[in-house]
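>>> Kindly return the folded structure for what I paste below:
(one chain, ligands or ions: 1)
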Amino acid sequence: MSADGKDKPELPTEAELAEMDRDELATLGMKLDGVELVEYPDPWPVKGTRAEKRAERAVALWFAIAALSGLAFLVAFLWWPWKYVAPNESGYFAYSLYTPVLGFTLGLSIVAVGVGVMMYTKKFVPHEVAVQERHDGGSSELDKKTIVAQLSHSGTNSTIARRSMIKRAAGAGVGVVGLAATVFPIAGLVRNPHAKADGKDGVWHTGWKSENGERVFLRRNTGNPHDVVLVKPGDLDAGSMETVFPFRKSEEHDQHALSQALKRGDNPVMLIRLRTEDARKVVKHEGQEDFNYGDFYAYTKICSHLGCPTSLYEQRTNRILCPCHQSQFDALEYAKPIFGPATRKLAQLPIAVDEETGYFYARSDFIEAVGPAFWERKS
Ligand code: FES
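Below you'll find the predicted structure:
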């Protein structure tokens, strides 16, 4: 009899404990924990029936679905055509399916693992009814040893040990889904972002990079991707801003290139014409003293915080605002951040005016990466 007036089972000696098998230890553990097993029905009292085999196959099928869809996700993530294709071009249909395919395959694999586990629990784990009296305090060595035996006992009673089809299917399903989760960090190593580091598609460059020394002009977006309208100084009033995109004469009749130039994520640039009285207060960044053309300054539209478009230029204060997390940049001081979470200035595009045509062009690409930070970025 214990201090609280309840009967305690007699404790075995060490020698007796060493000789007890797993079932006896499990039973003892339950008694010591004050657990009374009211019901412990075997879900399949007659072994090897067709119903049991059918249930086993159903569980295995779900894990197999998880494995296949996890594998399909891996393949799609790595090799599905993901590069932008315009709606009227061949390959658009496959490109447009990229995100849905990723979502469907990964979602299905996770759901299938969940359904497989639920079905197994429902069909094969005995639905026991047990009553336990709770107690305070930590567990003794004896309790720890017996609980391990109890868990092992439950594992055996769930018959998982002899269900090799389910074990293999579950191993494959959970394993492949786990593998699919590792694809996110690993894929960056498979698709080397620096493979074309020197091309205009490399992470250090934008569509403003001039190939073969050809001039890249500033173009406005009229809403028609095939309509080319270049920008000259007289087009902007003092204190105004216009979003511009790159244009090369060699692409004049290339509908795909014309439309791509308006869509590429790191292409948009804000061309700002400061008011003359404000332009006198400008503080330029070291090494970028000649990036402007008179009162005209061109900054990337891609926020240095998380890459949203910094679409708002406030003429009175000369602040550039990013609506995503309210970062603000000072257009009079090389677009350095003055409020909000952004910590880097907006990259400035060096511009000039073509002597022959009078249109703006970019003297070079940005001299630093645009947008948010990435591993190799130092500034
Ligand atoms: S993306 Fe611009 S403030 Fe966050």
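
>>> Alpha carbons of whichever helix or strand residue 15 is part of, as PDB, please.
Per DSSP states H and E, residue 15 falls inside helix 14-19. The C-alpha trace of helix 14-19 is given here as PDB (Å, rounded to 0.1, in the frame of the first residue of the first chain):
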ATOM      1  CA  GLU A  14      17.000  -7.000 -10.300                       C
ATOM      2  CA  ALA A  15      17.400 -10.600 -11.200                       C
ATOM      3  CA  GLU A  16      13.700 -11.000 -11.900                       C
ATOM      4  CA  LEU A  17      13.700  -7.900 -14.000                       C
ATOM      5  CA  ALA A  18      16.700  -9.100 -16.100                       C
ATOM      6  CA  GLU A  19      14.800 -12.300 -16.900                       C
END
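
>>> and that helix, what does it pack onto?
The helices and strands touching helix 14-19, judged by 3 or more CB pairs under 8 Å, 6 or more residues apart in numbering; DSSP states H and E, number zero. In this view, the C-beta of every residue, glycine as well, is placed from N, C-alpha and C.

>>> contact partners of that helix?
25, 142, 145 (CB atoms under 8 Å, 6 or more residues apart in numbering).

>>> 6 Å instead, please
Surrounding helix 14-19, not a single residue is in contact under the criterion CB atoms under 6 Å, 6 or more residues apart in numbering.

>>> That helix - what's its average pLDDT?
Averaged over helix 14-19, pLDDT sits at 89.

>>> looking at it, residue 38 is touching residue 129, isn't it?
Yes. Using CB atoms under 6 Å as the test, residue 38 is close enough to residue 129 to be in contact (4.3 Å).

>>> for the helix or strand where residue 103 lies, what is the average pLDDT?
Using DSSP H and E, residue 103 maps to helix 98-124. For helix 98-124, mean pLDDT is 94.

>>> Check stretch 228-248 too.
The pLDDT scores in stretch 228-248 average 95.

>>> Going by neighbour count, list what's buried in that stretch.
The neighbour-count check on stretch 228-248 (16 or more other CB atoms under 10 Å) flags 228, 230-231, 235-236, 239, 241-248 as buried.

>>> Of those, which is the nearest to residue 207?
Nearest to residue 207 among these, counting by CB to CB, is residue 246 at 4.7 Å.

>>> my read is that closest one is in a strand, agree?
Yes. Residue 246: assigned to a strand according to DSSP: H, G, I helix; E, B strand; the rest coil.

>>> Wait, it touches residue 218, no?
No. Under the criterion of CB under 6 Å, residue 246 is not in contact with residue 218, lying 7.6 Å apart.

>>> Rebuild the buried residues of stretch 228-248 as a markdown table, extending it with distance to residue 116.
As requested, these are exported to a markdown table (distance: CB to CB, whole Å):
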| residue | distance to residue 116 |
| --- | --- |
| 228 | 57 |
| 230 | 61 |
| 231 | 60 |
| 235 | 63 |
| 236 | 63 |
| 239 | 64 |
| 241 | 56 |
| 242 | 57 |
| 243 | 51 |
| 244 | 55 |
| 245 | 50 |
| 246 | 52 |
| 247 | 55 |
| 248 | 55 |
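
>>> residues touching the residue of the stretch 101-250 of the chain found nearest the ligand, list them.
Residue nearest to the ligand within the stretch 101-250 of the chain (CB to the nearest ligand atom): residue 243, separated by 15.9 Å. Applying CB under 6 Å, 6+ apart to residue 243 gives the contacts residue 268.
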